[in-house]
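Novice: what follows is a predicted structure for the sequence shown.
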Amino acid sequence: MTKVTTGLENFLAHPHKDLIGKRIGLLCNPASVNAQFQHARHLLHQTFPGQLTALFSPQHGLFAEKQDNMIESDDFIDSDLHIPVFSLYGATRIPTAQMFDHIDVLIIDLIDVGTRVYTFTSTLSYCLEVAAALDRQVIVLDRPNPVNGIQVEGNCLCPDMASFVGRYPIPMRHGLTMGEYAAYINKTFNIGCRLTIVPMTGWRRRMYFDDTGLPWVLPSPNLPTPASATVYPGQVIWEGTNVSEGRGTTLPFEQFGAPFINTDKILSFTKGPEVPGARLRAVAFEPTSNKWAGEVCNGFQIHVTDRRQYDAYFTALYLLQAILFCHKDAFAWKSPPYEYEWEKLPMDMIIGDKHIRQQIESLENLESIRQGWAAGTEEFKRSARPFYLYE
């Protein structure tokens, strides 16, 4: 196994001398650790004594303690370092000038899960914009894309569907690391931030997270394992429906279901439990929270058998069509609000294209729908390639 060294570890091994004397802010969460599970905030405090003056937290909080969407975190004082922690998923999702008054440079050490709707990239983008406006430097400490940097899936977001779960016209599964994503949006969308990327060493685009040798620390409460991250680029669509995405169970996103689902009917639609790269295993589960809490849900666990063949997004849309066909009267789209949007249909925000949602709802041929978005996805891949840091 190739040894992968994160941007955090490379940065600490070769600290930037131009940071001496500067006030440092750190955007982080529990996954911001080195290979020995030591947290970035403590390591930076040791490397730059007295210079770490503020922490910033994304959705779910500094300790990933907030379980669900639109559950906000408050600002507080870190009990270890006695410095302020500013929530970027609380009273505001955009850092304020007053927050940045505490710092001269912002270091970002977050792992993304390679999916457009994962809000950490939106938080990153707002930080770049505010830093550019206030002439603050940003340093991104790069980390692996847990679902590799080769496979790109799905349609690009339509501009009219831009929201906190997708600000830019990129596919659902984008194939970029956090550092590559930052460089891509900073240049492509003319943000103009003074941006430095500290790359990893040893990472290859073909790698899934379990190929890296790095410890997995859950980046958010409902992605407890690399397996949950693998299915997330597709399974996240259930957030826009009345079908449980497995929150409130021990297998979030790996399993999905609802009380009204007849698994035999679904398997009849799919012509058996095999889908490309995965197998559907019928399950029953009872969520302890979120949708259908306390009720038995019938559904499936997705067992990925070949990650190279498995297309999480296309598979989820296929299963969505199966449920629409078999349970049209019981199935429902989730109503707003969703991630601070009060009018747009959540599923339109997640898919990123109202027209595609309507095509799926009308049971149009899914392969034809995919062909319709293919040109946009290929154009994204061409535009993103110059920002690759790893081959």
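Specialist: It's in. Residues are numbered from 1 along each chain as shown.
Novice: and the helices in the stretch 151-300 of the chain, which stretches?
Specialist: Listed in chain order, the helices of the stretch 151-300 of the chain (DSSP state H, counting those that start in this stretch) span 178-188, 226-235, 263-270.
Novice: winner for burial among those helices?
Specialist: Highest mean neighbour count among the helices of the stretch 151-300 of the chain (mean count of other CB atoms under 10 Å): helix 226-235, with a mean of 25. Heads up, the C-betas are built off the backbone N, CA and C, glycines and all.
Novice: out of the helices of the stretch 151-300 of the chain, which is closest to residue 165?
Specialist: helix 226-235 (12.7 Å; CB to CB).
Novice: the closest one - contacts with which helices or strands?
Specialist: Helix 226-235 sits against strand 153-156, strand 171-173, strand 297-304, helix 312-326, with contacts defined as 3 or more CB pairs under 8 Å, 6 or more residues apart in numbering; DSSP states H and E.
Novice: got the angle for it vs strand 297-304?
Specialist: In terms of direction (axes from the mean of the first three to the mean of the last three CA atoms, to 10 degrees), helix 226-235 departs from strand 297-304 by 110 degrees.
Novice: quick thing: my sequence starts at 34, can you match it?
Specialist: From this message on, residue numbering opens at 34, which makes the last subject helix 259-268.
Novice: quick check: mean pLDDT of helix 259-268?
Specialist: Averaging pLDDT along helix 259-268 gives 98.
Novice: tell me how far that helix lies from the chain's centre.
Specialist: 10 Å (CA atoms, centre = their mean, to the nearest Å).
Novice: likewise for stretch 273-283?
Specialist: With CA atoms, centre = their mean as the basis, stretch 273-283 stands 17 Å off its chain's centre.
Novice: gap between residue 115 and residue 106?
Specialist: According to CB to CB, to the nearest Å, residue 115 and residue 106 sit 19 Å apart.
Novice: out of the helices and strands packed on helix 259-268, nearest to residue 230?
Specialist: Closest among the helices and strands packed on helix 259-268, using CB to CB: strand 204-206, at 21.0 Å.
Novice: can you tell me the centre-most residue of the protein?
Specialist: By CA atoms, centre = their mean, the chain has its centre lying nearest to residue 151, at 2.7 Å.
Novice: flag the shaky bits of the stretch 134-283 of the chain, pLDDT-wise.
Specialist: Within the stretch 134-283 of the chain, no stretch falls below the threshold (pLDDT under 70).
Novice: the stretch 284-424 of the chain now?
Specialist: Within the stretch 284-424 of the chain, no stretch has pLDDT under 70.
Novice: all strands of it, in order?
Specialist: Applying DSSP state E, counting those that start in this stretch to the stretch 284-424 of the chain gives strands spanning 288-291, 307-308, 311-318, 330-337.
Novice: what pairs with the shortest one, parallel or antiparallel?
Specialist: Sheet partners assigned to strand 307-308 using DSSP bridges are listed as strand 311-318 (antiparallel).
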